[in-house]
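[1] Need coordinates for the following:
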Amino acid sequence: MEKKLYYSNYLELTKILEAQHPESFRLNQPAHDEMLFIIVHQVYELWFKQILFELEFVCNVFKKEKIDDNSEDLNLIRHRLHRVVRILELLNQQVGLMDTMTPLDFLEFRNLLTPSSGFQSLQFRLVETKLGLSMDTRYQKDYYKRTNEGGFTTEDFEKINQTETEQSLLQLINSWLERMPFFEHEFWRDYHKPADEMHPFWSDYRRIYKSGLTEREIANINYFDLLFFENRNTLSDEQVELNKTSLSREAMRAALFIMLYRDFPVFQTSYQVLDSLVEIDHQMAGWRHKHLVMVRRMIGMRTGTGGTSGSGYLEGALTKHNVFRDIESLSTFLIERKKLPGLPEQLIKKLSYNVV
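    Next comes the predicted model:
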């Protein structure tokens, strides 16, 4: 007779609940808060596993040659990304549990952790890589190439490098946006002809955007031309370099168009997908900020147990490790709804699921 499933067996609770082995206890120098430290980090790793599981699903959908905006594909992507946001919100809240440990409590066992470090979390590095944070764009990237003491094991380092050879979510989003068909000639043949050589919509939009800029904002038109059309105008080499985007010009234009006309049914889910990506960046930044504040509180300006510069490294990562900043930056180039150019009837039918 088949044995009936039992709660603790199904969850393998014996393995989980017997997986806490504080170093201070092993050395007969029990530090009470080391148990909290271990459990909090184990829970982090469980949630990182779930995030990777969700991102794998999302990336597999985006790898399809065609994603039907009116099918379950995009809605499931939106749902999975929203779940990732909620998990990250929970991880941010969990930092508060660590704050119940004082610096003196931490010092009771901190030296026993050397040279291990949260920096060595393989799953967190895979989350970053899967999202689109490449090795070469990381703050103090040489830290990530260490396989000596305080760095990664050779096996973990190879897993990170292997994941980086795969298409990241950022790259897949770029390809998805580039495939947006809304600027094709068939939709715009009856639209008035522009006075310049630009696409008729963007010719109108640029004029309206520029006319709404204040005297202090007028330079934004140069960045508009650079980010959406690769026209540098009077921008210096340094300004061009500082404003390099991870998304292509076609993808940038499609993303802005989605944001502008998100009230049309066909764009509602697409907009929520883009918004979730920005929120993931915000939550990751929030987690890094909370971690930075916690580390400063616990160890001040000491180096990290894994050999990093401690809070200095965390501060640099906070400001530089933004994956979807190009999407977030689109808010700079929005105009009021009432000033939006009217769209051709053929395009309105497509955006409204109107097949008549």
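[2] Contacts for stretch 244-263 next, please.
    132, 170, 173-174, 177-178, 180, 182-183, 201-202, 227-230, 267-268, 270-271, 274, 323, 326-327, 330, 333-335, 340, 343, 351 (CB atoms under 8 Å, 6 or more residues apart in numbering). Any C-beta I mention is one placed from the backbone N, CA and C, and that applies to glycine too.
[3] Drop anything exposed from these.
    Among the contacts of stretch 244-263, those scoring as buried are 132, 170, 173-174, 177, 180, 182-183, 201-202, 227-228, 267-268, 270-271, 274, 323, 326-327, 330, 333, 343, 351 (criterion: 16 or more other CB atoms under 10 Å).
[4] sorry, back to before: can you flag which of the contacts of stretch 244-263 belong to helices?
    Of the positions in those, 170, 173-174, 177-178, 201-202, 227-229, 267-268, 270-271, 274, 326-327, 351 sit in helices, assigned by DSSP state H.
[5] which stretches of the protein have low pLDDT?
    1, 69-70, 301-311, 313, 353-356 (pLDDT under 70).
[6] contacts for stretch 62-72?
    By CB under 8 Å, 6+ apart, stretch 62-72 touches 61, 73-74, 77, 167, 169, 172-173, 175-176, 179, 266, 269-270, 353.
[7] The same query, at a cut-off of 10 Å, please.
    Here stretch 62-72 makes contact (CB atoms under 10 Å, 6 or more residues apart in numbering) with 61, 73-75, 77, 79, 166-167, 169, 171-176, 179-180, 265-270, 273, 351, 353.
[8] what helix or strand is the most centrally placed residue in the chain on?
    The centroid of the chain falls nearest to Asp281 when counting by CA atoms, centre = their mean (4.1 Å). With elements taken from DSSP states H and E, the one containing Asp281 is helix 265-299.
[9] again, but for Leu46
    Per DSSP H and E, Leu46 falls inside helix 33-62.
[10] Taking helix 265-299 as reference, get the angle to that helix.
    Orientation of helix 33-62 against helix 265-299 (axes from the mean of the first three to the mean of the last three CA atoms, to 10 degrees) gives an angle of 160 degrees.
[11] can you pull the buried residues of helix 33-62?
    Buried residues in helix 33-62 (16+ other CB under 10 Å): 33-38, 44, 47-48, 51-52, 54-55, 57-59, 61-62.
[12] Same question for stretch 149-161.
    Gly150, Gly151, Phe152, Asp156, Phe157, Lys159, Ile160.
[13] any idea which element the last one lies in?
    Put plainly, it is Ile160. Following DSSP H and E, one finds Ile160 within helix 154-165.
[14] Could you work out the most separated pair of the buried residues of stretch 149-161?
    The largest separation in these, counting by CB to CB, is between Gly150 and Lys159 at 18.0 Å.
[15] next one: stretch 330-341 to chain centre, how far?
    Centroid separation for stretch 330-341 versus its chain: 24 Å, with CA atoms, centre = their mean, to the nearest Å.
[16] Just the terminal-to-terminal distance for it.
    Using CA to CA, to the nearest Å, the span of stretch 330-341 from its first residue to its last is 17 Å.
[17] Begin at 12 from now on, thanks
    That works, and once the first residue is 12, the last one we named lands at stretch 341-352.
[18] can you list contacts of it?
    Contact partners of stretch 341-352, identified using CB under 10 Å, 6+ apart, comprise 202, 211-220, 222-224, 228, 231-232, 234-235, 238-239, 258, 263, 266-272, 274, 285, 289.
[19] Next secondary structure element downstream of the helix holding Asp292?
    Past helix 276-310, the next helix or strand by DSSP H and E is helix 322-331.
[20] Specify the angle between that following helix and helix 276-310 in degrees.
    With the same axes, to 10 degrees defining the directions, helix 322-331 sits at 170 degrees from helix 276-310.
[21] Which elements pack onto helix 322-331?
    helix 276-310 (3 or more CB pairs under 10 Å, 6 or more residues apart in numbering; DSSP states H and E).
[22] Would you mark the buried spots in the helix it packs on?
    Here helix 276-310 shows 277-292, 294-295, 297-299, 301-303, 305-306, 309-310 as buried, counting by 16+ other CB under 10 Å.
[23] again, but for stretch 83-94
    Buried, per 16+ other CB under 10 Å, within stretch 83-94: Asp84, Leu85, Ile88, Arg89, His90, Arg91, Leu92, His93, Arg94.
[24] What is the nearest of these to Leu253?
    Leu92 (28.7 Å).
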